[in-house]
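K.L.:
structure, please.
(chains A, B, C and D)
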Amino acid sequence: MIDQFVIPLLKIVIVLNATLVAVSYMVLLERKVIAWAQSRLGPMRVGPYGILQPVADAVKLMIKEDITPVRADRWVFTAAPIISMVPALIVYAVIPFGPKVSLFGRQVSLSITDVNVGLLYVVSVASVGVYGIILAGYASNSKYPLLASLRASAQLISYEVAVTLTLVSVVLMAGTLSMVSIVDAQYNGRVWFAFVQPVAFVVFFIGALAETNRAPFDMPEAEQELTGGFHTEYSGMRFALFFLAEYANVIVASSVATTLFLGGWLRPFPNVAMLRFLGFIPSWTWFLIKSFVFLYIFIWVRATLPRYRYDQLMRLGWKVLIPLAIANLVVTGIVKVLLS
Amino acid sequence: MITPTHYMLLSSALFIIGVAGVMMRRNIIVIFMSIELILNAVNINLVAYSSQLQNAVGQVFALFVIAVAAAEAAVGLGIILAFYRNKETVNIDEMNLMKW
Amino acid sequence: MFDTNELVLNMGPQHPSTHGVLRVVLRLDGEKVVDSDVVIGYLHRGIEKLSENRNWTQIILLTDRMDYVAAAINNVGYCETVEKLMSLEVPRRARYVRTILCELQRIASHCLWVGTHAMDIGAMTVFLYAFRERELILDLFEEFCGARLTYNSMRIGGLPLDIPPGWDKKVLEFCKIMDSKIDEYEELLTHNRIWLERTRGIGVISGPHAVALGLSGPPLRGSGVPRDVRKDEPYAAYDEMQFDVPIGLAGDTYDRYLVRMEEFRQSLRIIRQGTEGIPEGPIVGKVPRLIKPPAGETYHAIESPKGELGYFIVSDGKSTNPYRFRVRPPSFCNLQGLRTLIKGHLIADVVALIGSLDVVLGEVDR
Amino acid sequence: MGQAIAFYTLAAFILGFAVLVVTTKDTVHSVLFLVLDFLFVAALYVLLDAPFLAVIQVLVYAGGIVVLYLFVVMLVNLKRPPEAHHDPHRRTKLGLFLAVAVLLELGAIAVYQTTRPVLSVPGAPMPVTGNTEQVGWLLYTSYLIPFEIASMLLLVAMIGAIVLAKREL
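P.N.:
Next up, the predicted model:
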């Protein structure tokens, strides 16, 4: 009874709450890191060094007037932010934060669940998230959001192909679709997949930038061109949901990248006995550190690079990343056959 | 106890809803969506029997059905766009010319 | 994109990237601009007409409000026009200080341009870097005349005040800082692949075409026409300065960008020469107590950061205000080219091209 | 018991959304109901021990095909629904009649089928276990040629769609 219901429920509650807190602090982190990159301080007023800024933001967004445009498609307009938020949260169901640990005399695995199609689950749930953006643009009944949602649907579908193809080569290496087993495969193989699959790693990272609508691929938002893109007409809590969904997606992308390419919860050089003393740091900490590195790179890229143009983005996706991913997949397959 | 009959009834009901959609609606996009419903009805049957017979062949066929559906959607929507560009409508009753 | 009907999109007057209250009505085919209509006038304050009812000195502070990111240059242009009308001799020291101020102002204006232009294309860090350095220039101006944006920093016949003691040293110090900062901007942009892809081959305009459209300043020089009022018809102390006029070859956004980046360096070169060679002497020429130019008309142009800034003034010789006051604003004339430039490009290029023309709406509408 | 509850709930949702897909006036709403329908069908696959197919259903149908539909609906951006045209040759009643007839026929077959013993054909012994592995094994052994043909079909469809949708070649 406890193993079947109580512990999974507890895990869900903990992960959901941790995610929402992480997302709001990701916003603060982004503002701070970008501020440092631009030689300024960032939020400093609310709390020491602005650490309570997310709370202030949340309060502000909640008490802000929530406007629905008159000519908007009322139902879809309300549903769109929810549709974009939900997939970003339910992906966490299969992300392993650590191996099985014993807690109060019980064996508890540090992931909500481990299904044997875990990786495909992540991809498919992420692919549903695109509806939020498309519908928001459509339902607003406004031109800038419409353009943004047309951009978004083309961009997200195109980059999904490249990302999924890189994932296939990881699956080829690991021989499994389960997230936990992929990490185990990296332990058994004595190397993180980032080093055996550098091409896949880079393509995945670029694809993740595009899939999460982050600079330099933030075409659907494109503040300077489309005045905010798909969420131009949104305000208040509904806007906040979009905002949170974007950051939740960034965190998901970082976690997936960590799991697939940087050995998940494994400490550096997990098979080297000399470094065993690193084991005193709990495994989930390694996971968080590695994810944090990804988050930092996401923000860093945003602070540095200009934005691609829509047609260049599509060209990059179809003419560079997808062929690269396919070539990588073929080579991986050939090498795998030759080695076995 | 849920038997394959239940699944078959479900699938035939879905099939009929799809057929009714194809027959009754004039919007070709909705007609295409009804066809997707029909294909899904078929898939439910395939998967139900696959699960009943403990044999994955049904699922393989369902995969082929999904592939065909994808191909159909791509070409069909291309035709709709090309048609709409010329006639500014998606009413199937007006699609009675082989060329224009 | 394969939309079937054209979409009319109103870009502006409330749009983050139209640099003020410019309104561009775009006719789009998918994301491609089929045609456009540039609508101006949202910031019209009637400066030209107002000027005809003010006396000659009062007009100086109206000129501040035209190109408000390069107010000192507007002041200089106006004062020199009136001096030309009155055949006044300006002391050499005043001319040198004017040159330094103009070039500082050019750097400040280009800082604002590089920041907003990069921001339009999505690189937001350059914006804050450039504003950081612009702040230093504003400090220098504050020390010189007490104001930071609208300076009212010139008088007919010379300067209102002499430069504060030690100011020239601070200017030289600023030059040193600025040298490395320009490299910093270029490091972020010039060889950045995305920047190259976003700017190369975008909004190409040939030299003769640019001349025909009446473009001036960096947009004209970016197309390979070596026209610079500072060289061709020297004013202030430019005839005593050594500097080069950078020109582009391709006439695209990237070349306009490169031209302006090189102008940063040339401006610093001029400031150095000017500051080191400031002559001693009076700061105001022999100006009559009541300024009342003789009857006649004159046109005088200077090189503002945006292009050729010309003043056409008619005096009837009787009243203490101009009979006719007319400005040839570079932003207004450069904006002429926008429609030609953006035709056939994508929406994302529209904002890039507005940025590459560097228009200030205060000057376009006056 | 649990399975029965799950089945009936899912079936109710699937049929309900299917009806909404067919009857809703607004095409975009129709597309949305189609997505929901597909998601519930995917849940039904999970119930049938076919998690791989469930995920593929979400990935390909919900994440791919229906996005295409939505894209096209937004592009054609109808001012008035096609149903507003009054066409004297409409055969709605005939359609309804045909649909009911087919339903009756299928229902008869289904009921007749319950009177017969349930077929139990043992599947060929599979060298692998696990749903994904089984499907993969079959795809790449017995059904390799259909698989290749399907991929060719997709390629042809892709080229065809590009040719059709491109304004000028």
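K.L.:
and the helices in chain D, which stretches?
P.N.:
With DSSP state H applied, chain D shows helices at D:2-23, D:27-47, D:51-56, D:66-76, D:92-114, D:131-140, D:144-165, listed in chain order.
K.L.:
okay, the ones you listed in CSV with mean neighbour count and mean pLDDT next?
P.N.:
Placement of C-beta: from N, CA and C, glycine included. Formatted as CSV, the entries for those read as follows, by neighbours: other C-beta atoms under 10 Å in any protein chain shown; pLDDT from 0 to 100:
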stretch, mean neighbour count, mean pLDDT
helix D:2-23, 17, 86
helix D:27-47, 22, 87
helix D:51-56, 24, 85
helix D:66-76, 22, 81
helix D:92-114, 14, 74
helix D:131-140, 19, 80
helix D:144-165, 14, 86
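K.L.:
who wins for proximity to C:Arg23 among those?
P.N.:
If you check each of the helices of chain D against C:Arg23 by C-beta to C-beta, helix D:66-76 wins as the nearest, at 26.2 Å.
K.L.:
who's in contact with that closest one?
P.N.:
Contacts made with helix D:66-76 from outside it, assessed by C-beta atoms under 8 Å, 6 or more residues apart in numbering or on different chains, are listed as A:130-131, A:134-135, A:138, A:146, A:149-150, A:153-154, A:156-157, B:29, B:32-33, B:73-74, B:77, B:80-81, B:84, B:90, C:2-4, D:27-28, D:31, D:34-35, D:38.
K.L.:
C:Asn74: how many residues sit nearby?
P.N.:
30 (other C-beta atoms under 10 Å in any protein chain shown).
K.L.:
which residue, other than its chain neighbours, is closest to it?
P.N.:
Leaving aside its sequence neighbours, C:Asn74 sits nearest to C:Thr63 (C-beta to C-beta, 6 or more residues apart in numbering or on different chains; 4.1 Å).
K.L.:
so how far is C:Leu258 from that neighbour?
P.N.:
When distances are taken as C-beta to C-beta, to the nearest Å, C:Thr63 and C:Leu258 turn out to be 30 Å apart.
K.L.:
neighbour count: the two, which is higher?
P.N.:
Regarding C:Thr63 and C:Leu258, a neighbour count based on other C-beta under 10 Å identifies C:Thr63 as having more, with 28 against 21.
K.L.:
before we move on, back to that, so can I have JSON lines of the helices of chain D showing distance to C:Ala118?
P.N.:
Formatted as JSON lines, the entries for the helices of chain D read as follows, by distance: least, C-beta to C-beta, whole Å:
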{"stretch": "helix D:2-23", "distance to C:Ala118": "48"}
{"stretch": "helix D:27-47", "distance to C:Ala118": "38"}
{"stretch": "helix D:51-56", "distance to C:Ala118": "43"}
{"stretch": "helix D:66-76", "distance to C:Ala118": "32"}
{"stretch": "helix D:92-114", "distance to C:Ala118": "60"}
{"stretch": "helix D:131-140", "distance to C:Ala118": "48"}
{"stretch": "helix D:144-165", "distance to C:Ala118": "36"}
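K.L.:
dump the residue contacts of the residue in the stretch 51-200 of chain A that chain D sits nearest to.
P.N.:
When C-beta to the nearest C-beta is the measure, the stretch 51-200 of chain A has its nearest residue to chain D at A:Ser127, with 2.7 Å between them. By C-beta under 8 Å, 6+ apart, the contact set of A:Ser127 is A:Leu156, A:Glu160, D:Val58, D:Leu59, D:Ala62, D:Gly63, D:Gly64.
K.L.:
which residues of the chain score low on pLDDT?
P.N.:
Answering for chain A, as no chain was given. Low-confidence segments of chain A, defined by pLDDT under 70: A:1-2, A:103, A:105, A:223, A:271, A:273-279.
K.L.:
let's do chain B instead
P.N.:
Answering for chain B: the residues below the bar, that is pLDDT under 70, span B:1, B:97-100.
K.L.:
run the last query once more with 80
P.N.:
Filtered on pLDDT under 80, chain B yields the residue ranges B:1-5, B:23-26, B:52-56, B:82-100.
K.L.:
helices along that one, start to end?
P.N.:
Assigned helices in chain B, in chain order: B:4-24, B:28-52, B:57-87 (criterion: DSSP H).
K.L.:
ok and the residue in chain B nearest chain C?
P.N.:
B:Arg85 (4.7 Å).
K.L.:
what number of neighbouring residues does that residue come out with?
P.N.:
17.
K.L.:
next: A:Gln107.
P.N.:
The local packing of A:Gln107 (other C-beta under 10 Å) involves 9 other residues.
K.L.:
mind telling me what element the residue of the stretch 51-200 of chain A closest to chain D is part of?
P.N.:
With secondary structure defined by DSSP states H and E, A:Ser127 is part of helix A:118-128.
K.L.:
pull the distance from that helix to the chain's centre.
P.N.:
Once both centres are worked out by C-alpha atoms, centre = their mean, to the nearest Å, helix A:118-128 turns out to sit 12 Å from its chain's centre.
K.L.:
which helices and strands sit right next to the following helix or strand past that helix?
P.N.:
Secondary structure here is assigned by DSSP H and E; on that basis, the next helix or strand after helix A:118-128 toward the C-terminus is helix A:130-139. If you count contacts as 3 or more C-beta pairs under 8 Å, 6 or more residues apart in numbering or on different chains; DSSP states H and E, helix A:130-139 packs onto helix A:74-90, helix A:143-174, helix A:236-261, helix D:27-47, helix D:66-76.
K.L.:
can the helices of chain B go into CSV with extra columns for distance to C:Ile163?
P.N.:
Rendered in CSV, the data for the helices of chain B read as follows (distance: least, C-beta to C-beta, whole Å):
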stretch, distance to C:Ile163
helix B:4-24, 83
helix B:28-52, 73
helix B:57-87, 68
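K.L.:
turn these into JSON lines, columns for distance to chain A.
P.N.:
What follows is the helices of chain B, written out as JSON lines (distance: least, C-beta to the nearest C-beta, whole Å):
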{"stretch": "helix B:4-24", "distance to chain A": "21"}
{"stretch": "helix B:28-52", "distance to chain A": "14"}
{"stretch": "helix B:57-87", "distance to chain A": "12"}
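K.L.:
perfect, I'm done here.
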